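Colleague: got a sequence here, can you model it:
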Amino acid sequence: MITVNRGDNAAWQNFTLALDQCLSDIRPPEPLSLSEWANKYAVLSRENAAQTGKFRSFAYQDGMMDAITDPAVTQVSVMKSARVGYTKILDHVVGYYLSHDPSPILVVQPRVEDAEDYSKGEIAPMLRDTPALKALAGEAKAKDSSQTILKKTFSNGANLTLVGANSPGGFRRITCRIILFDEVDGYPSGGAGAEGDQIALGIKRSETFWNRKIVLGSTPTVKETSRIEKAFKDSDQRYYYVPCPHCGEYQVLEWGSPDSPYGIKWEKDEQGNGLPETAYYVCRHHGCVIQHSDKPGMIKQGEWRASQPFKGHAGFHIWAGYSLFPNAAWKHLVAEWLRVKDDPLMRQTFINLVLGEPYEDRGEKALSERKLAERCEVWAAEVPDGVALLTAGIDTQGGRFEIEVVGWGRNEESWSIAYDVIEGDLETDEPWRRLDAYLKQIWRRADGYGFTIMAACMDSGGHHTQRVYDFARERLGRRIWAIKGESARGGKRSPIWPTKRPTPRSKSSFKPIIIGVNAAKDAIRSRLHIDPSDAGEPAPAYMHFPANRDLNYFGQLLAERSVIKVSGGRSCFQ
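Modeller: Next up is the predicted model:
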């Protein structure tokens with residue numbers, strides 16, 4: 001039996017402190033939902049928030065957070081736009097299950113680099129600035145194998161692992177109760193190599209836990225291929241209903257359309273130009289005019305309502321129209337729409353990142369092989385009127401060259417003149433001689449005027465790279481250039497053609513011209529959406545095709561689609 005002399009103040013104080021610590025170790029945690037924990041303990045850090053200090057949630061965030069800690073919910077799927085504060089929700093899930101309900105946690109980002117960025121940009125500041133977490137993390141020590149960028153352990157037994165969905169072996173030897181899949185539409189479409197689908201792999205890591213939590217969140221990309229759209233459809237599909245400040249009727253906020261009597265609207269000036277600063281909302285039920293200043297009160301009184309039966313899977317859709325961040329004011333959203341509404345590619349960006357909806361080509365604007373084939377034309381000669389010069393593009397394959405000759409007119413209006421294949425063993429000289437002769441031939445207009453190819457680009461990024469270099473170097477005087485697509489990670493956009501003019505190169509210094517492939521594909525996709533003008537009228541940037549093009553040609557042209565990826569919100573092609 002241990003006795004303590006109360007007259008010894010220091011000993012008594014040490015004893016009471018030790019007793020309090022023991023009691024705190026065995027005392028069950030106070031019953032807090034995730035939103036309650038976040039509003040009580042979470043702190044905003046300078047690295048990732050415009051304002052530092054205590055976190056205060058928006059009302060729509062509370063429902064999403066509390067579904068995650070609801071014992072009846074196994075999976076939560078959030079289909080979202082940008083600017084709704086979802087990253088903070090993800091941070092709070094990590095914080096809650098590290099400190100309040102200590103658990104092994106797995107966070108899956110699209111790439112290993114994204115996992116590292118999330119760890120350094122979100123997790124590290126949170127552990128540093130949140131007192132409830134700082135005590136568990138301890139002081140960072142050099143060469144501490146238990147505290148790395150992608151793997152962290154804590155004094156209460158919790159641990160955190162971060163992986164990239166592009167890592168085939170990233171899911172091995174991991175067992176976790178809490179699985180957080182972030183930006184799932186940015187995961188590699190082919191899965192994690194031979195290991196299979198990344199989401200299935202991650203979920204398998206939690207099978208031993210009866211009380212596991214699976215969270216998927218993402219900005220959607222393309223309809224029918226979007227992972228988060230599929231997950232949301234499999235859920236109870238909850239939408240946030242807010243009351244009209246005038247009639248009191250509850251409704252979901254929607255962007256609307258020019259033909260819908262409700263949604264976000266704006267005035268126009270005498271020239272028909274939209275005036276973003278006049279943005280307002282029209283009530284679906286009674287046509288009440290709602291000003292942006294009414295939005296905070298509406299959001300505070302809002303509630304989540306499921307549209308499908310609940311079967312353990314809660315799903316949420318939220319978009320920027322609800323957001324209370326200053327940069328999501330309705331006038332800013334209208335200004336963004338007016339900037340992009342006439343550009344098909346940028347419309348996708350708006351639909352994904354502002355409306356939080358999957359993109360779908362619709363109506364007359366839809367791109368398909370058959371629709372493009374239907375607009376093919378018959379010309380009076382090889383080279384139609386309107387063409388001013390010819391260029392060629394050459395794709396080098398294992399046993400053939402594929403060549404397209406294009407005619408160019410005013411304002412970059414173009415005509416596909418020819419598409420031919422030269423087959424042969426490219427390790428021999430014979431097919432290269434035939435290619436050289438092909439590029440020298442003359443193409444005739446109806447009046448007999450002859451055109452030669454003014455310039456040609458030859459892909460050097462795949463097969464027979466050195467022979468392509470040799471072929472192009474010997475013909476620089478004819479403007480035949482070896483090209484290579486840039487390494488466009490994360491949707492990077494560089495100029496299609498470098499700003500510095502190509503110059504003659506010596507054999508020792510010869511390098512291909514680096515092409516901005518994503519920007520080039522943006523331009524092609526945008527131009528394919530341009531409607532034809534009246535017969536005989538110039539159509540700037542319009543792409544003409546001859547009647548002998550088949551569906552296979554257009555299938556290759558449309559083989560890649562643009563999707564929005566997480567890296568900087570840029571669109572990439574797959």
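
Colleague: going forward, measure contacts and count neighbours with C-alpha atoms only.
Modeller: Will do.

Colleague: in the stretch 101-250 of the chain, which spans are helices?
Modeller: Ranges of helices in the stretch 101-250 of the chain, per DSSP state H, counting those that start in this stretch, are 112-118, 124-129, 131-137, 198-204, 227-233.

Colleague: so for the second one, mean pLDDT?
Modeller: Mean pLDDT, helix 124-129: 95.

Colleague: which neighbouring elements make contact with it?
Modeller: strand 43-44, helix 131-137 (3 or more CA pairs under 8 Å, 6 or more residues apart in numbering; DSSP states H and E).

Colleague: weakest of the ones you listed in terms of mean pLDDT?
Modeller: helix 131-137 (a mean of 90).

Colleague: circling back: redo the helices of the stretch 101-250 of the chain as JSON lines? Include distance to residue 87.
Modeller: Converted to JSON lines, the helices of the stretch 101-250 of the chain look like this (distance: least, CA to CA, whole Å):
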{"stretch": "helix 112-118", "distance to residue 87": "10"}
{"stretch": "helix 124-129", "distance to residue 87": "12"}
{"stretch": "helix 131-137", "distance to residue 87": "18"}
{"stretch": "helix 198-204", "distance to residue 87": "19"}
{"stretch": "helix 227-233", "distance to residue 87": "16"}
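
Colleague: with mean neighbour count and distance to residue 398 added, can I get the ones you listed in TSV?
Modeller: Output for the helices of the stretch 101-250 of the chain, formatted as TSV (neighbours: other CA atoms under 10 Å; distance: least, CA to CA, whole Å):
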stretch	mean neighbour count	distance to residue 398
helix 112-118	18	33
helix 124-129	19	49
helix 131-137	17	55
helix 198-204	20	33
helix 227-233	21	35
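
Colleague: residue 341 is nearest to which of those?
Modeller: Across the helices of the stretch 101-250 of the chain, residue 341 has its closest neighbour in helix 227-233 (23.1 Å, CA to CA).

Colleague: for that closest one, packing partners?
Modeller: Against helix 227-233 (3+ CA pairs under 8 Å, 6+ apart) you get strand 75-80, strand 213-218, strand 313-318.

Colleague: skipping adjacent residues, who's closest to residue 151 in space?
Modeller: Excluding its sequence neighbours, the residue lying closest to residue 151 (CA to CA, 6 or more residues apart in numbering) is residue 161, at 4.6 Å.

Colleague: what about that neighbour, how many residues close to it?
Modeller: 23 (other CA atoms under 10 Å).

Colleague: does it really touch residue 103, like I thought?
Modeller: No - between residue 161 and residue 103 there is no contact under CA atoms under 8 Å: 11.2 Å.

Colleague: would you map out the domains in this protein?
Modeller: 39-233, 238-306+320-355, 370-551 (automatic domain parsing).

Colleague: which of these is buried the deepest?
Modeller: domain 39-233 (a mean of 19; mean count of other CA atoms under 10 Å).

Colleague: may I have the distance across that one, first residue to last?
Modeller: End-to-end span of domain 39-233 (CA to CA, to the nearest Å): 30 Å.

Colleague: ditto for stretch 254-264
Modeller: End to end - CA to CA - stretch 254-264 spans 7 Å.

Colleague: now that stretch, how far from the centre of its chain.
Modeller: 26 Å (CA atoms, centre = their mean, to the nearest Å).

Colleague: which stretches of the stretch 1-150 of the chain aren't confidently modelled?
Modeller: 1-8, 11-12, 15, 17-28, 139-146 (pLDDT under 70).

Colleague: identify the bridge partners of residue 162.
Modeller: Assessed by DSSP bridges, residue 162 has beta-bridge partners residue 107.

Colleague: OK, contacts around it?
Modeller: 106-109, 115-116, 119, 150-151 (CA atoms under 8 Å, 6 or more residues apart in numbering).

Colleague: out of the residues you listed, who's nearest residue 201?
Modeller: Distances from residue 201 to those, taken by CA to CA, are shortest for residue 108, at 10.6 Å.

Colleague: so who does the closest one touch?
Modeller: Neighbours of residue 108 in contact, by CA under 8 Å, 6+ apart: 115, 162-165, 179-182, 202.

Colleague: if we use 6 Å, what do you get?
Modeller: Residues near residue 108 by CA atoms under 6 Å, 6 or more residues apart in numbering: 162-164, 181.

Colleague: equivalent analysis for residue 464, please.
Modeller: With contact set as CA under 6 Å, 6+ apart, residue 464 has no partners.

Colleague: just read off the phi/psi values of it.
Modeller: phi 50, psi 50 (degrees, to the nearest 10).

Colleague: quick check: it vs residue 434, distance?
Modeller: 16 Å.

Colleague: next: residue 513.
Modeller: From residue 513 over to residue 434 (counting by CA to CA), the distance is 24 Å.

Colleague: likewise residue 374?
Modeller: 33 Å.

Colleague: now residue 402: which helix or strand?
Modeller: For residue 402, the host element (DSSP states H and E) is strand 400-408.

Colleague: parallel or antiparallel, which strands does that strand pair with?
Modeller: Partners of strand 400-408 in its sheet, by DSSP bridges: strand 389-396 (antiparallel), strand 414-423 (antiparallel).

Colleague: may I see these arranged in a markdown table, with distance to residue 528 and mean pLDDT as well?
Modeller: Below are these laid out as a markdown table (distance: least, CA to CA, whole Å; pLDDT from 0 to 100):
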| stretch | distance to residue 528 | mean pLDDT |
| --- | --- | --- |
| strand 389-396 | 18 | 95 |
| strand 414-423 | 11 | 95 |
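
Colleague: quick one: those strands as JSON lines, columns for distance to residue 35 too.
Modeller: As requested, the strands paired with strand 400-408 are arranged in JSON lines below (distance: least, CA to CA, whole Å):
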{"stretch": "strand 389-396", "distance to residue 35": "56"}
{"stretch": "strand 414-423", "distance to residue 35": "57"}
